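# What would the 3D arrangement of this be:
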Amino acid sequence: MAENPVFERATRFLSALRHCQVLGLQVHSASSEGLTVMLPYSRQIVGNPYTGVIHGGALTSLMDTACGMSTLCVLPEFEVCPTLDLRIDYMHAAEPYKDVYGFAQCYRVTTDVIFARGFAYQDDPEHPIAHVVGTFMRMGKAIKGAQGFGGAIAAGAK
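Sure, this is the predicted structure:
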């Protein structure tokens, strides 16, 4: 099996984020073209207990995480890149009892900001639940404290 350094770096990054652990987020695929993160369906993320529809906050977390992690696909080394702005357009509610996938890719990288876009879907990427665009601030890899947060991520990405 061929080694995929982007997938490995994304998996390490995801495992370091507590809210992602609580939501059960998993890296589904990753490459230099973008990545897909999976949000497994569970009763803990349901917004309407009568219908079983997933809460919009869980979908927002999925898409913010996917877009933020897509920076790992384009940067040669780990950098801290917090969210500056995120816009999500919801097309329709997620179908109850099904996992949701969030695909994201970076479409522009500058010295200070990274621009990302993506979409959430269930069975068919051609029938998205939501579209997202976001911007992420490049703070660099040498920030004090970044080694504690991302040191393990950066160490394996060499």
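# Poorly predicted segments of this structure, please.
1-2, 141-158 (pLDDT under 70).
# what's the single longest helix in it?
Longest helix in the chain, counting residues (DSSP state H): helix 56-69.
# I would like the residues contacting it, please.
For helix 56-69, contacts defined as C-beta atoms under 8 Å, 6 or more residues apart in numbering pick out 10, 13-14, 17, 19-20, 23, 25, 27, 35-37, 39, 45, 47, 81-83, 86, 88, 90, 94, 100, 102-104, 116-118, 120, 129-130, 132, 134, 136. Quick note: C-beta positions are derived from backbone N, CA and C, even for glycine.
# Ok, stretch 116-128 next?
34, 59, 62-63, 66-68, 70-71, 91, 94-95, 98-107, 129-136.
# quick one: contacts for the residue lying farthest from the centre of the chain?
The C-alpha centroid of the chain is most remote from Y50, which lies 28.3 Å away (C-alpha atoms, centre = their mean). Neighbouring residues of Y50 by C-beta under 8 Å, 6+ apart: there are none.
# That one belongs to a helix?
No - counting by DSSP: H, G, I helix; E, B strand; the rest coil, Y50 is not part of a helix but coil.
# what about it, distance to M91?
If you measure Y50 against M91 using C-beta to C-beta, to the nearest Å, the figure is 22 Å.
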